[in-house]
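Asker: Okay, here's the prediction I keep looking at, along with the sequence it came from:
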Amino acid sequence: MVNSFDPQRESALNSADRDLVRRRSAAMGAAYRLFYDRPLHVVSAHGVTLVDDAGREYLDAYNNVPVVGHSNKRVRDAVHEQLGRLNTHTRYLTDEVVAYAEWLTALFPSPLDQVIFTCTGSEAVDLALRVARAVTGRSGVIVTRHAYHGVTTAAAEVSPSFGPNNSIPDHVALIDAPDSVRDGTTGPDEFARRTDAAVAELEARGHRVAAVLIDSVLSSDGLQLPDAAVLAAVRERARAHGALYIADEVQSGFGRTGSHWWGFERHGIDPDLVVLGKPMGNGIPIAGVVGRAAHFEAFGSQVRYFNTFGGNPVSIAAANAVLDEIEDRRLLEHADALGRRMAIELADRLAGESGVAEVRAAGLFLAVELVGDGDFPDPARTSRVVNLMREKQILISASGTYDNVLKIRPPLVFPESSADHFLQALVESVAQSGR
């Protein structure tokens with residue numbers, strides 16, 4: 001995995017970090033991973049800054065969870081006040097969860113007018129798949145070939161980005177995401193053809209398609225940003241085959257793309273279900289599925305749904321504070337304007353740098369794809385850039401089918417001054433990595 005710490009290199013760490021890595025491994029096991037050649041030992045955070053154990057400050061250009069900034073005061077105060085007053089489940093009547101549900105669903109186009117709360121995006125994906133199967137009476141799911149949708153059993157089954165040892169069952173079919181570097185512009189006809197082929201593949205295995213699940217910014221596929229008509233074609237084919245279209249908004253939701261609240265709006269499509277996650281509570285666990293009343297009625301008439309902590313008052317307080325911050329600070333407009341400027345300047349300043357295949361952006365979600373000869377992916381150079389930035393005390397990561405795409409995704413409160421500092425450091429790091 002690119003940008004992953006190799007425990008065999010622990011001798012390069014100072015004695016305190018070396019001991020902590022060993023204790024972590026002993027107590028938490030082999031499944032966990034750490035970022036960077038030298039893991040970052042963080043002790044506090046504020047705004048768009050992380051602070052390490054030596055007091056050094058790092059500019060956070062990666063984390064989309066603290067969408068309104070680390071240690072946001074409005075979120076902290078709301079959580080503190082609510083925790084001192086009441087925290088319980090949704091089987092009692094409470095004002096806050098109903099008011100938040102009304103506010104949240106009002107941000108969606110009709111008929112997406114109901115929400116079911118969970119604790120995590122993975123749970124939300126799991127629930128969306130259950131709803132789709134209840135509505136359609138089918139089992140098949142279509143996802144992109146390098147998708148990531150979560151960590152529960154059901155979500156991991158539709159997350160091929162976990163690698164070859166993550167088994168993808170027969171009821172899941174994979175389609176290639178658009179690849180603007182290698183395939184050129186994948187048009188809607190081609191993507192529709194891929195969807196139809198996946199439906200036929202499922203049927204040959206004895207499964208009819210229940211859902212097409214797509215990340216609205218194709219983040220794990222390398223932040224691929226096809227023309228709006230491409231995902232619209234997938235939505236049309238899902239409907240033609242009697243399946244539900246599920247928009248995964250864990251990465252793109254809550255203003256990340258700048259121009260809209262939700263990434264699917266960029267494509268002019270009308271999902272049947274929408275999955276929300278990480279940024280919803282700015283780090284306090286809350287997620288959910290937004291959908292059509294008829295679909296939730298079909299699901300709810302068959303089974304009861306209960307999630308002890310999904311939508312608890314403390315998490316709802318955090319979620320309310322996040323919406324307040326986004327609206328009061330006009331963060332959609334900020335993400336749109338700053339993201340456009342960063343993308344334009346980054347493309348201009350990297351134009352003469354060999355091996356930079358493309359700069360892609362949607363609001364404050366940016367990607368730089370690095371390649372070698374013949375547009376062959378260059379994950380080694382990508383890893384060098386990520387670690388060079390870490391040494392410059394700026395945090396980014398990498399993603400994509402070939403691990404060769406720089407992933408830039410700062411909190412939406414990223415200031416203009418930090419953007420200037422970031423751009424200079426990234427241009428320098430890309431240049432250094434190619435020497």
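Answerer: Good, I have the coordinates.

Asker: quick one, helices of the stretch 51-200 of the chain?
Answerer: 73-83, 95-106, 121-136, 153-156, 188-204 (DSSP state H, counting those that start in this stretch).

Asker: List the buried residues in the longest one.
Answerer: Right, helix 188-204. By 16 or more other C-beta atoms under 10 Å, the buried positions in helix 188-204 come out as 188, 191-192, 194-195, 198-199, 201-202. In this view, the C-beta of every residue, glycine as well, is placed from N, C-alpha and C.

Asker: circling back to that earlier point, so can I have TSV of the helices of the stretch 51-200 of the chain showing distance to residue 262 and mean pLDDT?
Answerer: Putting these into TSV (distance: least, C-beta to C-beta, whole Å; pLDDT from 0 to 100) gives the following:
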stretch	distance to residue 262	mean pLDDT
helix 73-83	21	98
helix 95-106	11	98
helix 121-136	14	98
helix 153-156	20	97
helix 188-204	20	96
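
Asker: Adding distance to residue 179, write these out as TSV.
Answerer: Shown next, in TSV, are the helices of the stretch 51-200 of the chain (distance: least, C-beta to C-beta, whole Å):
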stretch	distance to residue 179
helix 73-83	38
helix 95-106	34
helix 121-136	24
helix 153-156	24
helix 188-204	11
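
Asker: who wins for proximity to residue 329 among the ones you listed?
Answerer: helix 73-83 (9.7 Å; C-beta to C-beta).

Asker: any idea which of the helices of the stretch 51-200 of the chain is most buried?
Answerer: helix 121-136 (a mean of 25; mean count of other C-beta atoms under 10 Å).

Asker: I'd assumed residue 57 was in contact with residue 421.
Answerer: No: using C-beta atoms under 8 Å, residue 421 is not in contact with residue 57; the gap is 11.5 Å.

Asker: Neighbour count for those two, which is higher?
Answerer: residue 421 (16 against 13; other C-beta atoms under 10 Å).

Asker: Relative to residue 389, how far out is that one?
Answerer: 11 Å (C-beta to C-beta, to the nearest Å).

Asker: where in the protein is pLDDT low?
Answerer: 1-2, 184-186 (pLDDT under 70).

Asker: Tell me the secondary structure at the residue most central in space within it.
Answerer: For the chain, the residue whose C-alpha lies nearest the mean C-alpha position (C-alpha atoms, centre = their mean) is residue 251; its distance is 2.5 Å. Here residue 251 is coil, with the state taken from DSSP: H, G, I helix; E, B strand; the rest coil.

Asker: Now do the contacts for it.
Answerer: 64, 215-217, 219, 263, 365, 409 (C-beta atoms under 8 Å, 6 or more residues apart in numbering).

Asker: Help me confirm that residue 298 comes into contact with residue 133.
Answerer: No: here residue 298 does not reach residue 133: they are 10.4 Å apart, not a contact under C-beta under 8 Å.

Asker: So residue 131 is in contact with residue 297, correct?
Answerer: No: taking contacts as C-beta under 8 Å, residue 131 lies outside contact range of residue 297: 10.4 Å.

Asker: Spit out the residues that contact these two alike.
Answerer: With C-beta under 8 Å, 6+ apart, residue 131 and residue 297 have no common neighbours.

Asker: quick one: residue 225 and residue 242, what's the gap?
Answerer: 29 Å.

Asker: In terms of neighbours, single out the busier of the two.
Answerer: residue 225 (22 against 14).

Asker: Could you report the separation of the more buried one from residue 32?
Answerer: 31 Å.

Asker: same deal with residue 265?
Answerer: Taking C-beta to C-beta, one finds residue 265 at 35 Å from residue 32.

Asker: Looking at these two, which is more packed in?
Answerer: Between residue 265 and residue 32, counted using other C-beta under 10 Å, the more crowded position is residue 265 (20 against 8).

Asker: Is that one in a helix, a strand, or coil?
Answerer: Assignment for residue 265 (three-state DSSP): helix.

Asker: And for residue 307?
Answerer: Applying three-state DSSP: residue 307 is coil.

Asker: in the sheet, who's paired with the closest residue to it other than its chain neighbours?
Answerer: Take residue 307 and drop its neighbours on the chain: the residue closest to it by C-beta to C-beta, 6 or more residues apart in numbering is residue 118, 5.5 Å away. The partner list for residue 118 in beta bridges (DSSP bridges) reads residue 287.

Asker: what are the ranges of the helices in the stretch 251-400 of the chain?
Answerer: 293-300, 313-328, 331-349, 379-391.

Asker: how about the ones you listed in JSON lines, adding distance to residue 80 and mean neighbour count?
Answerer: Shown next, in JSON lines, are the helices of the stretch 251-400 of the chain (distance: least, C-beta to C-beta, whole Å; neighbours: other C-beta atoms under 10 Å):
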{"stretch": "helix 293-300", "distance to residue 80": "33", "mean neighbour count": "16"}
{"stretch": "helix 313-328", "distance to residue 80": "9", "mean neighbour count": "22"}
{"stretch": "helix 331-349", "distance to residue 80": "23", "mean neighbour count": "19"}
{"stretch": "helix 379-391", "distance to residue 80": "33", "mean neighbour count": "20"}
